[in-house]
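> model this:
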Amino acid sequence: MGKASFATASLGKSFVVYKCDKLTPVLVSPQLPKRIAALAVQPKKHLTFTACGRQIIVWKRVQRVKTLLGHKGTIKQMMAVGNVLFALDDERDIKIWDLDTMELVDTLSFPVGFTPTVMLHPDTYLNKVLVGSERGALQLWNIRKMKCIYEFKGWGSAVTALEQSPAVDVVSIGLADGRLMVHHLQLDERVLDFKQDQQSGITSMSFRTDTGASTTPLVVSGSRSGDIAVWNLQTKRLESVIAGAHDGAVVSLQFLANEPLLLSSGTDNSIKMWIFDHLNGGTARLLKSREGHRAPPTRIRYYGNNTLATMADGADGTCCQILSAGQDRAFRVFHTAREQQSRELSQGPVLKKARSLNVRVEDLKLPPIVQFASMETRARDWANVITCHENEIAAYVWRFEHRAIGKKVLRQFDPTNRVPSGSAEDLRRKKTQAISVAISSCGNYAFVGSLGGSIFRYNMQSGEKRGSYPVAATPKEKIIRSLVLPGTDLSALQDDEADKTAADVHNGPVSAVAVDALNETLVSAGIDGKLKFWGFKKHELRYEIDVGSPISQMELHRDSNLLCVACDDQVLRLYDVTTHKLVRRFAGHSHRVTDMTFSSDARWLFSSSADASLRVWDIPTGKCVDWMRFQKPVTGLAVSPTGEFLATTHVSHVGIFLWANRSFFTEVFLDSEPTEPILMDMPVSLNEVDNSDQLGFGTERNPQLSVSSVVEQRPESVKVEGEESSEPLDTSLITLSTAPRAFWQSLFNLELIKKRNKPIEPPKAPEQAPFFLQTARKDDVHPTFVPVAPEAKKETEKDEKDEKDLAMDGWGVGDDDEAWGDDDGEEPEDEVATPSSRIVKTEGMVTTRCKLATLLAKAVQEEEDEDHTVSRFNEVAKYMQSLSASAVDVEMSTLCMGDFDEEGMKLLSWFLDFLREEMQTRRDFQVLQAYLNRFLKLHEELLVADPALLAQVDELGAVQQQQWQHLQKLLHNNLCLVQYLSKIQM
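So this is what the prediction gives:
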């Protein structure tokens, strides 16, 4: 694609196009019903071919244009050459398709004794295809005559890969027994042969083509073991080996044209770029990579933007980060906006140790993570993430800022002090195994729930023990040292008191622990069905609740002090940590609850079950407001701190799926409960490039990724009544707007948003238009020029060649330019506005500074309705609420340019009338406050300097105060009742 290089890779049921300079995804296809088994591309036509079972789906960039049918077997390989597509299936057939007509041209069938495995078009071999077989023999076919013109005997092993070398007539042949043959086709002679590994066959090969190939000609080969071997063609020996390049078979290898860069992909869900920049020219190092989990993730949580410290620090970008723990023993952070920032948290020099011990890297990693917790309050000072692992006694701390594991290990005993297996001390140590973890909101303490029912506290900075819950769970001499101040009489702690508190431990493993926001209460949940509330400082048991069913999970929302527990009876119970009372009970899941999480404002509770369902519960009303069912059960849930997105992980899926919250972008009515689940399709990977037209791909977008498509979809199972109107039920009631918060809430922070979105480089000045062109506004704040009527152009007919007879000759040496021509078809013509006079105005004087000004003028000219509850500014209010925050700011700014603008001063007066009359109707109360705040910021000096406008502002302030006093009275009455009934001092 010009000078840029792109790579296409399949991701299960979709494909993604990466730009190779930074390995950033630029195009993502929609989901397909089946997994993609083979890929082929025709870059000149921007065509991509995906094989799913027996079908070939043709894509124009990411738009599906054609489905090719006719294969009897599953397609294994495809190859696009010029205007011809070859498809090889497991029924020993190669079907040939014409890319101009998208029709089947011919079928090449092989006898029973010859089972094709791979095919290649040798360079300069016109109308020829080389086909390898399972028994090792190769055949060269003339496709135009449909005749086998030569057969190569082979080497007694199945051909698994074929690759064209930079030299004419020379190809490399990869065999299943690990041998690599460099063969001369015309002479039928073996030039070179290499042996990689007898246990793992060759899966892919590639030749180096940059300037370094002239001094050090190289060919690389990948194997099923994941190693990449680098062979020197000049010295005829092995140059180097990239051991463990992939944790699994190497699927594809490709040197970039005229660059010392090698792209590799494997079955380990990764694509890597290697650079050959060593002095010897034959040693590669990893330059870039895009990796994901090799095995399905089991637990995810959003990281960041949940404390005042990060908000004051301006680290809002952290709300796009997701911590993920997978079954592949990896602990990763994924960035939902920039994939370059996604990476695996380091577990130390495991790669170096694996190479020295000659073992797999995964064998030296920690076991899979069971639970983890994070708190960014002290992220810059010390470790702020804690994890517990399968069958691992200790808990481990991680420093997120360094993306690496910490030096401290949290355990209750010294591992160097060995004890006999099966002894009493050994059994006591096993009971301290970490099962659950938590971090205090201050970031200083870590809490570890154990297998024996106790909870241990540690200092996050030093890793030292700081007591246990109950106190007797820690040996006496250590608990004394951790609880009392220096100089205190240590004999005050008696053994009988310790024996008494020992009865407070859970009768079984501690499934979850949590700490409130003020470090006053520690809550623990156990398999014994007990929910225990502990004093944070004195380590005493304050309250205990017998839930009645084993507790498998627990989630605490610190701001509201609401605690949700999931039990084995598939019921969610919501408790108030302060009063220890059960406040809500949610029943509806038919299987084990796999995960749950709160929304940032604690209004919604999300829960998933092993029955592949996900439910959204509205906590104030106690109702289920959404019910979804997926193809695979959900294993992990996470809600973004801003409430925009919901992230999920699923059984047998290695990716994290992101779902948009429709209520964040549009009005959503939740009056009725769903009667049946909504079947959900899995989304595709995210596209990171907003303007793909700059990359030469056009402007097609994946419809599944657009917010508008998310907004327009409405579940059929949810019946909505009265959606057309949001009028107040009574004129004395204050009604809030149902407009999305994103449309007006940002008005308070527009300056901060503009400052953060300021480009690093100054914007380029737009090309100056001729001064005599007329401007026209079409309900927009941006000027558009009225184009001049185009002159009639002479149409010239272009002779078209009959390519039907040349379709088979269009790929080869002489006809490459003709075959790879790009014919995108006719483009729709843009509508041309009718030119008008630049001098004579045929219409009356109408303000054209913005649509808001036009609507205000129209509203003022109309007489006010007799019913004073209906404002004459209804159209103005509807238009304002349809705009984004930045668009509202532009409309308000355009109303008046200064005190010299007489028409603008009138518009300011009319806008004040609009705010006053809308406030009197008591509708859209919070939105009007946002508009008023922004209006005063923009035109403060003009309002103060003009007595008439200042009088209007005073009148508006009186109306606002009157409405607010009415609302304030209601709030005070409610607060008084709450204070009296709950006996809380406010």
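> Any figure for the gap between the nearest residue to residue 464 once chain neighbours are set aside and residue 365?
Leaving aside its chain neighbours, residue 464 sits nearest to residue 458 (6.7 Å; criterion: C-beta to C-beta, 6 or more residues apart in numbering). Bear in mind the C-beta positions are built from the backbone N, C-alpha and C, glycine included. For residue 458, the distance to residue 365 (C-beta to C-beta, to the nearest Å) stands at 23 Å.
> of the two, who's got more company?
residue 458 (25 against 18; other C-beta atoms under 10 Å).
> quick one: residue 14 from residue 337, how far?
From residue 14 over to residue 337 (counting by C-beta to C-beta), the distance is 19 Å.
> the more surrounded of the two?
residue 14 (21 against 11).
> which element is the residue nearest to residue 464 on?
For residue 458, the host element (DSSP states H and E) is strand 455-459.
> Can you list the helices and strands that the next helix or strand after that strand packs against?
Downstream of strand 455-459, the next assigned helix or strand under DSSP H and E is strand 465-469. Packing partners of strand 465-469 (3 or more C-beta pairs under 8 Å, 6 or more residues apart in numbering; DSSP states H and E): strand 455-459, helix 476-483.
> where among the ones you listed is the average confidence lowest?
Among those, helix 476-483 carries the lowest mean pLDDT, at a mean of 48.
> hang on, the earlier thing: can you tell me the strand partners of the strand holding residue 458 and which way each runs?
strand 445-450 (antiparallel), strand 465-469 (antiparallel) (DSSP bridges).
> for it, the distance to its chain's centre please.
34 Å (C-alpha atoms, centre = their mean, to the nearest Å).
> For it, give me every contacting residue.
Defining contact as C-beta atoms under 8 Å, 6 or more residues apart in numbering, one finds that strand 455-459 is touched by 395, 410, 412, 432, 444-450, 464-469, 473-474, 510, 513, 522, 524, 534.
> Find the residue at the geometric middle of the chain.
Nearest to the mean C-alpha position of the chain, counting by C-alpha atoms, centre = their mean, stands residue 336 at 3.8 Å.
> Enumerate every residue touching the nearest residue to that residue once chain neighbours are set aside.
Nearest in space to residue 336, with sequence neighbours left out and distances taken as C-beta to C-beta, 6+ apart, is residue 320 at 4.6 Å. Residue 320 makes contact with 335-338, 640, according to C-beta under 8 Å, 6+ apart.
> what about the strands in the stretch 501-650 of the chain?
Along the stretch 501-650 of the chain, counting by DSSP state E, counting those that start in this stretch, strands occupy 510-515, 521-526, 530-535, 541-546, 551-557, 562-567, 571-576, 581-587, 593-598, 604-609, 613-618, 623-629, 634-639, 645-650.
> The second one pairs with which strands, and in what direction?
Meaning strand 521-526. Partners of strand 521-526 in its sheet, by DSSP bridges: strand 510-515 (antiparallel), strand 530-535 (antiparallel).
> And for the fourth one?
In the sheet containing strand 541-546, its partner strands are strand 530-535 (antiparallel), by DSSP bridges.
> Validate this expectation: residue 904 resides in a strand.
No - under DSSP: H, G, I helix; E, B strand; the rest coil, residue 904 falls outside any strand and is assigned helix.
> Do I have it right that it meets residue 892?
No - Residue 904 is beyond contact range of residue 892, at 11.3 Å (criterion: C-beta atoms under 8 Å).
> Give me the neighbour count for the nearest residue to residue 945 once chain neighbours are set aside.
Spatially, and ignoring its direct neighbours in sequence, residue 945 is nearest to residue 899 (6.4 Å; C-beta to C-beta, 6+ apart). Neighbourhood size, residue 899 [other C-beta under 10 Å]: 12.
> Residue 899 and residue 942 touch, don't they?
Yes - the pair residue 899 / residue 942 is scored as a contact, 6.1 Å apart, by C-beta under 8 Å.
> what touches both of these two?
Joint contacts of residue 899 and residue 942 (C-beta under 8 Å, 6+ apart) are residue 905.
> residues contacting the closest residue to residue 412 other than its chain neighbours?
In space, and not counting its chain neighbours, residue 412 is closest to residue 432: 4.3 Å by C-beta to C-beta, 6+ apart. Applying C-beta under 8 Å, 6+ apart, we find residue 432 in contact with 393, 411-413, 450-452, 454, 456.
> any weak-confidence spans in the stretch 351-500 of the chain?
The stretch 351-500 of the chain contains residues with pLDDT under 70 at 472-500.
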